[in-house]
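[1] here is my input; please provide its structure:
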Amino acid sequence: MMTKPLYQKAKSIKALSANFADIEKRIQQACQRANRESGSVRLLPVTKTVDEDIIRMAFTLGYDYFGENKVQEAVEKQESMNDLPINWSVIGHLQTNKIKYVARFATEFQALDSLKVAKRLNERLQLEDRHMEVLIQVNTSDEASKYGLHPTEVADFIEQIKSLDRLRVKGLMTLALLSNNAEKVRDCFILLRNIRDGLLDTLPANMSMQELSMGMSGDFEIAIEEGATIVRVGQAIFGARALPDSHYWPESDVND
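    The predicted structure is shown next:
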(Lines give C-alpha, C1' and ligand atoms only; values in the text may rest on other atoms or scores of the structure.)
Protein backbone atom coordinates (compact mmCIF):
# COMPACT_ATOMS: atom_id res chain seq x y z
CA MET A 1 0.00 0.00 0.00
CA MET A 2 1.28 3.48 -0.87
CA THR A 3 2.59 5.48 2.06
CA LYS A 4 1.09 8.98 2.11
CA PRO A 5 3.33 11.97 2.76
CA LEU A 6 2.31 14.25 5.60
CA TYR A 7 1.07 17.21 3.59
CA GLN A 8 0.96 20.47 5.56
CA LYS A 9 -2.27 22.46 5.58
CA ALA A 10 -2.16 25.53 3.37
CA LYS A 11 -3.78 28.15 5.59
CA SER A 12 -2.62 31.32 3.86
CA ILE A 13 -2.55 32.54 0.29
CA LYS A 14 1.25 32.59 0.49
CA ALA A 15 1.40 28.90 1.42
CA LEU A 16 -1.25 28.02 -1.14
CA SER A 17 0.57 29.92 -3.87
CA ALA A 18 3.81 28.12 -3.02
CA ASN A 19 2.10 24.73 -3.21
CA PHE A 20 0.51 25.50 -6.56
CA ALA A 21 3.87 26.73 -7.87
CA ASP A 22 5.54 23.52 -6.73
CA ILE A 23 2.95 21.31 -8.44
CA GLU A 24 3.06 23.36 -11.64
CA LYS A 25 6.88 23.08 -11.66
CA ARG A 26 6.68 19.32 -11.21
CA ILE A 27 4.12 19.09 -14.03
CA GLN A 28 6.47 21.04 -16.28
CA GLN A 29 9.43 18.83 -15.38
CA ALA A 30 7.42 15.66 -16.01
CA CYS A 31 6.37 17.03 -19.40
CA GLN A 32 9.99 17.75 -20.26
CA ARG A 33 10.98 14.18 -19.41
CA ALA A 34 8.22 12.94 -21.71
CA ASN A 35 9.02 15.45 -24.49
CA ARG A 36 5.60 17.03 -24.10
CA GLU A 37 4.41 20.62 -24.03
CA SER A 38 3.62 21.70 -20.46
CA GLY A 39 0.37 23.23 -21.72
CA SER A 40 -0.85 19.76 -22.71
CA VAL A 41 -1.63 18.92 -19.06
CA ARG A 42 -4.46 20.51 -17.07
CA LEU A 43 -4.13 20.65 -13.31
CA LEU A 44 -7.47 19.95 -11.65
CA PRO A 45 -7.28 21.03 -7.99
CA VAL A 46 -9.36 18.63 -5.91
CA THR A 47 -11.19 20.61 -3.22
CA LYS A 48 -13.19 18.00 -1.35
CA THR A 49 -13.18 18.84 2.36
CA VAL A 50 -11.42 22.15 1.57
CA ASP A 51 -13.02 25.21 3.19
CA GLU A 52 -14.65 27.88 1.06
CA ASP A 53 -12.17 30.58 2.03
CA ILE A 54 -9.27 28.47 0.78
CA ILE A 55 -11.05 27.75 -2.50
CA ARG A 56 -11.64 31.47 -2.93
CA MET A 57 -7.91 32.00 -2.40
CA ALA A 58 -7.18 29.42 -5.11
CA PHE A 59 -9.54 31.26 -7.44
CA THR A 60 -7.64 34.52 -6.90
CA LEU A 61 -4.49 32.65 -7.94
CA GLY A 62 -6.05 31.96 -11.33
CA TYR A 63 -7.70 28.55 -10.87
CA ASP A 64 -11.36 28.28 -11.84
CA TYR A 65 -11.82 24.51 -12.28
CA PHE A 66 -12.19 22.43 -9.11
CA GLY A 67 -12.87 18.72 -8.57
CA GLU A 68 -15.30 17.32 -6.03
CA ASN A 69 -16.06 13.70 -5.12
CA LYS A 70 -19.33 14.02 -3.23
CA VAL A 71 -22.30 15.64 -4.93
CA GLN A 72 -23.82 17.10 -1.76
CA GLU A 73 -20.58 18.84 -0.83
CA ALA A 74 -20.15 20.12 -4.39
CA VAL A 75 -23.71 21.50 -4.47
CA GLU A 76 -23.20 23.33 -1.18
CA LYS A 77 -19.99 24.90 -2.42
CA GLN A 78 -21.46 25.86 -5.77
CA GLU A 79 -24.39 27.58 -4.09
CA SER A 80 -22.21 29.46 -1.59
CA MET A 81 -19.72 30.56 -4.26
CA ASN A 82 -22.06 31.27 -7.16
CA ASP A 83 -20.70 34.82 -7.24
CA LEU A 84 -17.57 33.35 -8.87
CA PRO A 85 -17.39 31.85 -12.38
CA ILE A 86 -16.16 28.47 -11.12
CA ASN A 87 -16.33 25.27 -13.15
CA TRP A 88 -17.08 22.21 -11.04
CA SER A 89 -15.88 18.77 -12.07
CA VAL A 90 -17.57 15.81 -10.37
CA ILE A 91 -14.90 13.12 -10.16
CA GLY A 92 -16.54 10.52 -7.89
CA HIS A 93 -19.09 7.76 -8.34
CA LEU A 94 -22.53 9.15 -9.14
CA GLN A 95 -25.68 7.65 -7.61
CA THR A 96 -28.82 7.91 -9.72
CA ASN A 97 -30.66 9.97 -7.09
CA LYS A 98 -27.96 12.67 -7.36
CA ILE A 99 -28.02 12.98 -11.15
CA LYS A 100 -30.50 15.86 -11.15
CA TYR A 101 -28.11 17.99 -9.08
CA VAL A 102 -25.07 17.24 -11.21
CA ALA A 103 -27.01 18.00 -14.40
CA ARG A 104 -27.90 21.39 -12.97
CA PHE A 105 -24.48 22.76 -11.99
CA ALA A 106 -21.49 20.65 -13.05
CA THR A 107 -19.35 21.51 -16.04
CA GLU A 108 -17.73 18.09 -16.19
CA PHE A 109 -18.32 14.54 -14.96
CA GLN A 110 -15.27 12.27 -14.91
CA ALA A 111 -16.62 8.98 -13.57
CA LEU A 112 -19.15 7.67 -16.10
CA ASP A 113 -19.25 3.87 -15.99
CA SER A 114 -22.93 2.95 -16.21
CA LEU A 115 -25.40 2.96 -19.10
CA LYS A 116 -28.21 3.66 -16.64
CA VAL A 117 -26.44 6.74 -15.30
CA ALA A 118 -25.54 7.87 -18.82
CA LYS A 119 -29.15 7.72 -20.00
CA ARG A 120 -30.57 9.44 -16.94
CA LEU A 121 -27.91 12.13 -17.02
CA ASN A 122 -28.66 12.77 -20.68
CA GLU A 123 -32.38 13.07 -19.89
CA ARG A 124 -31.76 15.53 -17.05
CA LEU A 125 -29.43 17.59 -19.22
CA GLN A 126 -32.20 17.82 -21.82
CA LEU A 127 -34.54 19.18 -19.14
CA GLU A 128 -31.90 21.68 -18.04
CA ASP A 129 -31.12 22.55 -21.69
CA ARG A 130 -27.43 21.89 -21.03
CA HIS A 131 -24.57 19.79 -22.36
CA MET A 132 -21.85 18.24 -20.22
CA GLU A 133 -18.32 17.06 -20.87
CA VAL A 134 -17.84 13.52 -19.56
CA LEU A 135 -15.02 11.05 -19.17
CA ILE A 136 -15.49 7.30 -18.95
CA GLN A 137 -14.00 5.68 -15.85
CA VAL A 138 -12.01 2.50 -16.43
CA ASN A 139 -10.86 0.08 -13.73
CA THR A 140 -7.27 -0.40 -14.86
CA SER A 141 -6.07 -1.89 -11.57
CA ASP A 142 -8.47 -4.85 -11.80
CA GLU A 143 -9.68 -4.36 -8.24
CA ALA A 144 -13.18 -5.66 -7.59
CA SER A 145 -13.77 -2.96 -4.97
CA LYS A 146 -13.20 -0.11 -7.43
CA TYR A 147 -15.68 1.58 -9.72
CA GLY A 148 -15.11 1.77 -13.46
CA LEU A 149 -15.60 -0.34 -16.54
CA HIS A 150 -13.46 -3.38 -17.21
CA PRO A 151 -11.00 -2.50 -19.99
CA THR A 152 -12.71 -4.97 -22.34
CA GLU A 153 -16.08 -3.24 -21.86
CA VAL A 154 -15.09 0.25 -23.00
CA ALA A 155 -15.63 -0.14 -26.76
CA ASP A 156 -19.13 -1.62 -26.33
CA PHE A 157 -20.02 1.07 -23.78
CA ILE A 158 -19.06 3.80 -26.24
CA GLU A 159 -21.30 2.22 -28.85
CA GLN A 160 -24.18 2.17 -26.36
CA ILE A 161 -23.90 5.85 -25.44
CA LYS A 162 -23.01 7.40 -28.80
CA SER A 163 -26.59 8.56 -29.40
CA LEU A 164 -26.81 10.45 -26.09
CA ASP A 165 -26.42 13.89 -27.60
CA ARG A 166 -26.18 15.88 -24.35
CA LEU A 167 -23.04 14.03 -23.30
CA ARG A 168 -19.82 15.29 -24.83
CA VAL A 169 -17.50 12.34 -24.32
CA LYS A 170 -13.95 13.68 -24.15
CA GLY A 171 -11.85 10.79 -22.89
CA LEU A 172 -11.09 8.28 -20.15
CA MET A 173 -10.35 8.42 -16.43
CA THR A 174 -8.76 5.94 -14.04
CA LEU A 175 -7.50 5.46 -10.50
CA ALA A 176 -4.19 3.63 -10.46
CA LEU A 177 -3.28 0.92 -7.99
CA LEU A 178 -2.43 2.41 -4.58
CA SER A 179 1.05 0.95 -4.34
CA ASN A 180 4.64 1.90 -3.60
CA ASN A 181 5.61 -0.11 -6.68
CA ALA A 182 5.94 2.64 -9.28
CA GLU A 183 5.97 0.20 -12.20
CA LYS A 184 2.65 -1.34 -11.16
CA VAL A 185 1.20 2.16 -10.92
CA ARG A 186 2.67 3.00 -14.32
CA ASP A 187 1.09 -0.11 -15.83
CA CYS A 188 -2.36 1.26 -14.98
CA PHE A 189 -1.64 4.47 -16.85
CA ILE A 190 -0.14 2.67 -19.83
CA LEU A 191 -3.23 0.47 -20.02
CA LEU A 192 -5.58 3.47 -20.07
CA ARG A 193 -3.55 5.15 -22.80
CA ASN A 194 -3.52 1.97 -24.86
CA ILE A 195 -7.29 1.58 -24.50
CA ARG A 196 -7.78 5.16 -25.71
CA ASP A 197 -5.37 4.73 -28.60
CA GLY A 198 -7.13 1.55 -29.68
CA LEU A 199 -10.44 3.39 -29.91
CA LEU A 200 -9.34 6.37 -31.98
CA ASP A 201 -9.95 4.87 -35.43
CA THR A 202 -13.48 3.71 -34.65
CA LEU A 203 -14.87 6.58 -32.58
CA PRO A 204 -18.22 8.18 -33.48
CA ALA A 205 -17.88 11.69 -34.90
CA ASN A 206 -19.26 13.29 -31.71
CA MET A 207 -16.51 11.87 -29.47
CA SER A 208 -12.94 13.12 -29.29
CA MET A 209 -11.33 10.87 -26.65
CA GLN A 210 -8.32 13.17 -26.35
CA GLU A 211 -8.45 13.46 -22.55
CA LEU A 212 -6.74 11.05 -20.17
CA SER A 213 -7.51 11.94 -16.55
CA MET A 214 -5.04 9.99 -14.46
CA GLY A 215 -2.65 10.77 -11.67
CA MET A 216 -3.15 12.22 -8.19
CA SER A 217 -0.94 13.75 -5.50
CA GLY A 218 1.28 10.69 -5.15
CA ASP A 219 1.61 9.58 -8.76
CA PHE A 220 0.75 12.43 -11.15
CA GLU A 221 4.28 12.70 -12.52
CA ILE A 222 4.23 9.06 -13.64
CA ALA A 223 0.81 9.67 -15.18
CA ILE A 224 2.13 12.64 -17.17
CA GLU A 225 5.02 10.55 -18.44
CA GLU A 226 2.44 8.08 -19.76
CA GLY A 227 0.15 10.62 -21.43
CA ALA A 228 -2.13 12.18 -18.81
CA THR A 229 -3.85 15.35 -19.99
CA ILE A 230 -5.62 15.99 -16.66
CA VAL A 231 -4.08 15.37 -13.23
CA ARG A 232 -6.27 15.49 -10.11
CA VAL A 233 -4.26 16.91 -7.21
CA GLY A 234 -5.74 17.68 -3.81
CA GLN A 235 -3.71 17.02 -0.69
CA ALA A 236 -0.37 18.07 -2.21
CA ILE A 237 -1.92 21.50 -2.75
CA PHE A 238 -4.33 22.01 0.13
CA GLY A 239 -2.84 19.73 2.77
CA ALA A 240 -3.80 16.51 4.50
CA ARG A 241 -7.44 15.99 5.42
CA ALA A 242 -8.50 15.97 9.05
CA LEU A 243 -10.40 12.69 8.81
CA PRO A 244 -9.51 9.42 7.04
CA ASP A 245 -10.50 8.96 3.41
CA SER A 246 -13.13 6.38 4.36
CA HIS A 247 -15.13 9.10 6.15
CA TYR A 248 -15.73 10.88 2.87
CA TRP A 249 -15.78 8.18 0.15
CA PRO A 250 -15.17 4.45 -0.31
CA GLU A 251 -11.61 3.56 0.63
CA SER A 252 -11.14 1.88 -2.75
CA ASP A 253 -12.16 5.01 -4.66
CA VAL A 254 -9.87 7.59 -3.11
CA ASN A 255 -9.52 9.84 -6.22
CA ASP A 256 -7.10 12.11 -4.37
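
[2] how far away from the center of its chain is stretch 94-106?
    Centroid separation for stretch 94-106 versus its chain: 16 Å, with CA atoms, centre = their mean, to the nearest Å.

[3] ok, residues contacting that stretch?
    Residues outside stretch 94-106 that contact it (CB atoms under 8 Å, 6 or more residues apart in numbering): 71-72, 74-75, 78, 88-90, 109, 111-112, 116-117, 120-121, 124-125, 127-128, 130, 132. Every residue, glycine included, has its C-beta placed from N, CA and C.

[4] and for stretch 66-86?
    With CB under 8 Å, 6+ apart, stretch 66-86 has contacts from 44-49, 52, 55-56, 58-59, 64-65, 87-92, 94-95, 98, 101-102, 105-106, 110, 232, 234, 248-249, 255-256.

[5] go again using 6 Å as the cut-off
    When contacts are defined by CB atoms under 6 Å, 6 or more residues apart in numbering, stretch 66-86 is touched by residues 44-48, 52, 59, 64, 88-89, 91-92, 98, 101-102, 105, 232, 249, 255.

[6] now the buried members of those residues.
    44-48, 59, 88-89, 91-92, 98, 101-102, 105, 232, 255 (16 or more other CB atoms under 10 Å).

[7] so which of these sit within strands?
    L44, P45, W88, S89, R232 (DSSP state E).

[8] check what pLDDT the fourth one gets.
    If I follow you right, that is S89. With respect to pLDDT, S89 scores 98.

[9] count the residues that sit near L61.
    13 (other CB atoms under 10 Å).

[10] now do it against V102, distance only.
    26 Å (CB to CB, to the nearest Å).

[11] of the contacts of stretch 94-106, which belong to helices?
    Of the contacts of stretch 94-106, the ones assigned to helices by DSSP state H are 71-72, 74-75, 78, 116-117, 120-121, 124-125, 127-128.

[12] quick one: distance of whichever strand or helix holds K25 to the chain centre.
    Assessed by DSSP states H and E, K25 sits inside helix 13-33. When distances are taken as CA atoms, centre = their mean, helix 13-33 is centred 18 Å away from the chain's centroid.

[13] how near is S17 to L61?
    Distance from S17 to L61, by CB to CB: 6 Å.
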